[in-house]
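Undergrad: Coordinates for the following, if possible.
(2 chains)
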Amino acid sequence: MSMTLTETRPVDGAGPAVETLASRVRRFAEEDPYRVCMREKRFGIWQDITWADYWDRIELVAHALWALGVRPGDRVAVHAENRPEWLYADVGTVAIRGITMGLYPTNPAPEVAYLLQDSGSRVLIAEDQEQVDKALAVVDDCPDLEWIVYVEPRGVREYDHPKLLSWEQFLLRGREHRAQDPELLTRVALGARDEDVVTLIYTSGTTGPPKGAMLTNGNVSFAIEVLVHGGGLFDPPAGPDDVTLSYLPLCHVAERAATVWNNAGAGVTVHFAESIETVQANLKEVQPTLFFAVPRIWEKIAAGIQIRAFSASPLKKLNFRLWMAAAAWIGRERVANDGEHTWATRLVYAVGYPFLYRALRDRIGMRKVRAAGSGAAPIAPEVLQFFLGIGVPILEIYGMTENAAIATANRRGRVRLGTVGEPQPGTELRIDEATGEILTRHPGNFVGYWDKPDATAETLDAEGWLHTGDVGEWVDGTHVRIVDRLKDIIITAGGKNISPSEIENHLKTSPFVKEAVVIGDRRAYLTVLVGIELDTVADWAARRRIAYTTYRDLTERPEVLKLVQGVVAATNERFARVEQLRKFRMIPKELDHEDGELTATQKVKRSSLYAMFDHLIEDMYANRQDHAGGDLVTVHATAGYGGDGDDAAPAPTSAADTGAEG
Amino acid sequence: MSVPRAVRRGRPELYSDYAADMALLNTPAKRAWSAAILVAAVALPLLLDRDLLGLATQVVVYALAGIGLNLIAGYAGQLSLGHAFFMGLGAYTAALLGGTGGATVRGYELDLLVWLPLAGVVPALFGWVVAPLAARVKGLYLAILTLGLLFVGEHVFKEASWLTGGSGLGRAPAEAVVLGFDLYEARVLLGREIPAEGVFYLFCLILLVVLGVLARNLARSRTGRAFAAVRDRDIAAEVMGVPLVRTKRLAFTLSSFYAGVAGALLTVLLGYTTPERWNLLLSIDFLAVVLIGGVATVTGPIAGAAFVVLMPRFIETFAGSLPFIAGTVGAPGILNVFQLQRMLFGVMIVVFLVLEPRGLFGIWIRVRNYFRAWPFSY
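TA: Here you go, the predicted structure:
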């Protein structure tokens, strides 16, 4: 049954219409209608959705959108967590040659307004009361928005607004329309072209307002060819026997590829996590075979393993230490062997499997993972080596929205840690001699930013090269190493070019550090702002009986400052003299998307952070000690904060107090 | 609806329907282990001799009675010392209906299909009748009340010689014959001769599995939750709408049913019974089965029964190697075997109550959780 799926898939462009996401799903639904294609956990169990159900919903959504007046080229916005309705809406829109636009569930109302205005969306599919409230707050500023369809009626049912429509009513309109005009989708599909824009993916906007990258049908088809069938995302390529967990925001190109394109292209069974908080538990249940995560998630999983091992009983701890030492060795050996096992590591791994690796992988939900990916941000090689050691090979891949996530990837047996791999098949990649910027050219290159011809011209040159904005270099002539974002490169007062993200990533390999922002552009030396990881540091403090009240209080405990000082010192050992961090200050709050410090993808917005924590930066460069932090020798708490007569450990308020101990 | 094999397999915690989620054996590991234990239990008659098979059968029957006591004492929290009385009632019901009459005793020589169900139903009816009385009191008072029931019962058993054969004399049990097929007769199975005890053991095992699964299902149903509510706080349970008298009555009735069936089987196994057998010591034996096995569990009493029945034999076997233990009464030594048994029995109950109130089942849970959490501690 699953054999026929792979045999009939390749389409050589023959026939009246081109392949679209809709036509791919439709073929699955015709060939194997009763096979389960996705599952969603509701009411405690994983509810099966078959290909036939999937296509039926897509049809209803497409007809309903048509009935609401959406025509080819119109935009439909989706503002929801990952759930089947997201896919129904996405593919349903594509089925009538519309354009899907996704919003991050964490987008605050002003950003929602901006995105709806900029894209000119006519219909918004909002998940629940939270998103409907955001939309209603800005609905008057969005003249193009005609309908708001809400999926979860709870709390919204009582709302009385002429533009509101419930998901059930929406589908009902689709059902009525389908009864009147059952051939609509077939007719529309005949007109589908590779040049059709199918989605706007808004870039996260670390530097300015988000820009909507237009990806066409042709881009998506090329992405499916390279990433899905060609094994560019998961190597060896995904197939109908594969299982994935969908949990990263679907409006990001990486998750769109991992969920929608993988599903429609290769027929993997997608499982939707209940929420981002339950990912760990859901992973353990679903035990995916393919798993893509951003570095932050990988770091968190690794830190979670360490924390839980700290509090294990003695025998278990001994077992853990023994086999983790073996895993560290396996990791080193495999790194030296292009990511593959040698016979010696395979033997050690096989012996350690029943003692630790099997149970450990089961606990983190990676027992069946055969291919894992990391992307969307740079990951520290130490993290990759850690997972390689316990038998979860993570292949770092590199791509961006503008090139449909296609640029480079590490392949099995040719892994170089610290690089993002080799150019994908069919990809031309070169590094600009003058600036070191990476340029790519292939059929997946986007056609431009929505309604921003100037920005498009800056990014996409006349010869079709995409300027990625990343500085890279060749390693061994085959692999590409990313140095940093072009805009982020620090040029010190001494004229040295320094890549902050390398230093930051090394700091973040410590389980105690969540955020690190290196500062030093046009300065005499480098400094860093550090934000602690609340979970791990809280656990660490509890085991040392360090009392604290709030996040900020914990951050400014002298013991915690010393801990951070140790991390900074360990990082300095790895870098050249000009790259040494001289001072650090603590970020007194957890960074948040809604406060404008992070982008929706949890990337730090440097400019707004510099502005927000200007006083901390000045504190360091003006040689003051008004705020909690330290240098390489001493630490100090915030002046006039802490040290409130605590009998156990009065917080030192001057450097001299701790100098002797430090 | 179809799911590829590779997607289906190896994901024991992924439930896509409620039936699988709620199944008693909801993981492949549980299914495999249960099947293995069941196969081992069924294979026992091929492996053990008559003497040990008799003991094994006694374990099964004790387990059945223990499950019954656990329904009322463990799940519903109503401490009953009258369990031996209900067992006796079942035993004599069976003997009267299924046994042979004689000079003093009556017997109707009916089929097992008649006497075994009635051996459960008659005590159950009796339990149903006295339950409203017992439902009025709780705790220590209930223990005393059921103790009184036990004494009244013992007296009646001694006096009703047409039924029991009278004090010190006793009577033969019911004949374990189903539609002409004698369940207590040596048979040839798989080319090997199975002694009579082996055949009867298999019959009791089937009953244990059926009644055990019924009890387990009852315990996790609405009724079982009502039992637990009454046990944990009767006033709160009543406020929440759990009818106290009806719930306690049901617990009594069900518990008595299990006791009666076990009593009937026990007499068949022992071959002869006197009215003195159904006394306080027997009730305490079953409290030990429940406490050592595990309060409010179904698997626990099976382990507890094995412990209570097999421990004396163990001591007997190994007592010879201890110098201060006399092998028989009157031989030189500080203690004789039977005294040691009783003492150890008492010690074990104290040890379990103090150190492991959840019994052998609790120990198992600890062991299981230790390995389930591997390689961490939570």
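
Undergrad: Please count neighbours and contacts with C-alpha atoms only from this point.
TA: Noted.

Undergrad: Look at the closest residue to chain A within the stretch 251-378 of chain B and give its secondary structure.
TA: Using C-alpha to the nearest C-alpha, residue B:377 is the residue of the stretch 251-378 of chain B that sits closest to chain A, at 4.6 Å. Three-state assignment for residue B:377 (DSSP: H, G, I helix; E, B strand; the rest coil): coil.

Undergrad: for the nearest residue to it once chain neighbours are set aside, what are its contacts?
TA: Spatially, and ignoring its direct neighbours in sequence, residue B:377 is nearest to residue A:312 (4.6 Å; C-alpha to C-alpha, 6 or more residues apart in numbering or on different chains). Residues counted as contacts of residue A:312 (C-alpha atoms under 8 Å, 6 or more residues apart in numbering or on different chains) are B:375-378.

Undergrad: Could you do residue B:106 as well?
TA: So residue B:106 contacts B:96, B:99-100, B:162-163 (C-alpha under 8 Å, 6+ apart).

Undergrad: For the closest residue to chain A within the stretch 201-350 of chain B, grab the count of nearby residues.
TA: Minimum separation of the stretch 201-350 of chain B from chain A (C-alpha to the nearest C-alpha) falls at residue B:220, amounting to 17.9 Å. Residue B:220 has 15 neighbours, counted by other C-alpha atoms under 10 Å in any protein chain shown.

Undergrad: Could you tell me the phi and psi values at it?
TA: When read as degrees, to the nearest 10, the backbone of residue B:220 gives phi -100, psi 10.

Undergrad: Give me the distance between it and residue B:228.
TA: 10 Å (C-alpha to C-alpha, to the nearest Å).

Undergrad: Kindly report the same for residue B:197.
TA: Relative to residue B:228, residue B:197 is positioned 38 Å away (C-alpha to C-alpha).

Undergrad: picking that back up, got the contacts of residue A:312 as TSV, with neighbour count and pLDDT columns?
TA: Output for the contacts of residue A:312, formatted as TSV (neighbours: other C-alpha atoms under 10 Å in any protein chain shown; pLDDT from 0 to 100):
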residue	neighbour count	pLDDT
B:375	26	90
B:376	25	92
B:377	18	87
B:378	13	81
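
Undergrad: which residue sits closest to residue A:565, ignoring its sequence neighbours?
TA: With C-alpha to C-alpha, 6+ apart, the residue lying closest to residue A:565 is residue A:632, at 6.6 Å.

Undergrad: whoops, I mixed them up, residue A:232
TA: residue A:226 (5.6 Å).

Undergrad: three-state assignment of the one you found?
TA: Quick answer, by three-state DSSP: residue A:226 is helix.

Undergrad: Just give the closest residue to residue A:419, not the sequence neighbours.
TA: residue A:481 (4.3 Å).

Undergrad: List the contacts of the one you found.
TA: Contacts of residue A:481 by C-alpha under 8 Å, 6+ apart are A:418-421, A:472-475.

Undergrad: Can you give me the pLDDT of residue 27?
TA: Looking at chain A here, since you left the chain open. Looking at residue A:27, its pLDDT is 95.

Undergrad: meant chain B, my bad for not saying
TA: What the model reports for residue B:27 is a pLDDT of 87.

Undergrad: Just the element for the nearest residue to it once chain neighbours are set aside, please.
TA: Distance criterion C-alpha to C-alpha, 6+ apart; nearest residue to residue B:27, sequence neighbours excluded, is residue B:12 at 5.5 Å. Residue B:12 is located outside every helix and strand, with elements delineated by DSSP states H and E.

Undergrad: Who are the contact partners of residue B:12?
TA: Each residue near residue B:12 by C-alpha under 8 Å, 6+ apart is listed here: A:285, B:26-28.

Undergrad: quick revisit: which one's more surrounded, residue B:197 and residue B:228?
TA: Counted by other C-alpha under 10 Å, residue B:197 and residue B:228 do not tie: residue B:197 has more neighbours, with 24 against 20.

Undergrad: Please point out which parts of the helix or strand containing the more buried one sit buried.
TA: Assigned by DSSP H and E, residue B:197 belongs to helix B:196-219. Buried positions in helix B:196-219, judged by neighbour count with 16 or more other C-alpha atoms under 10 Å in any protein chain shown: B:196-202, B:204-205, B:207-208, B:211-212, B:215-217, B:219.

Undergrad: Now it: average pLDDT?
TA: Mean per-residue pLDDT for helix B:196-219: 96.

Undergrad: Kindly report the same for stretch B:313-325.
TA: 76.

Undergrad: I'd like to know which elements the host helix or strand of residue A:567 is packed against.
TA: Element membership of residue A:567, judged by DSSP H and E, is helix A:558-573. Helices and strands touching helix A:558-573, by 3 or more C-alpha pairs under 8 Å, 6 or more residues apart in numbering or on different chains; DSSP states H and E, are helix A:500-508, strand A:581-586, strand A:629-631, strand A:635-636.

Undergrad: And the residue of the stretch 401-550 of chain A closest to chain B?
TA: residue A:539 (14.4 Å).

Undergrad: can you pull the contacts of that residue?
TA: The contact partners of residue A:539, taken as C-alpha under 8 Å, 6+ apart, are residue A:307.

Undergrad: Equivalent analysis for residue A:124, please.
TA: Contacts of residue A:124 (C-alpha under 8 Å, 6+ apart): A:76-79, A:145, A:147-149.

Undergrad: Which residues of chain A lie near chain B?
TA: Where chain A comes near chain B, counting by C-alpha under 8 Å from any C-alpha of the partner chain, the residues are A:34-36, A:45-48, A:50, A:240-243, A:269, A:284-287, A:308-309, A:311-313, A:316-317, A:319-320, A:356, A:359-360.

Undergrad: Residue A:450 touches residue A:216, doesn't it?
TA: No - Residue A:450 is beyond contact range of residue A:216, at 12.0 Å (criterion: C-alpha atoms under 8 Å).

Undergrad: Among the two, which residue is more densely surrounded?
TA: residue A:216 (26 against 18).

Undergrad: what number of residues lie near the nearest residue to residue B:254 once chain neighbours are set aside?
TA: Excluding its sequence neighbours, the residue lying closest to residue B:254 (C-alpha to C-alpha, 6+ apart) is residue B:124, at 6.4 Å. Using other C-alpha under 10 Å, residue B:124 has 27 other residues around it.

Undergrad: Restricted to helices, list the contacts of residue B:106.
TA: Counting by DSSP state H, the contacts of residue B:106 place B:96, B:162-163 in helices.

Undergrad: out of those, who's nearest chain A?
TA: residue B:96 (52.9 Å).
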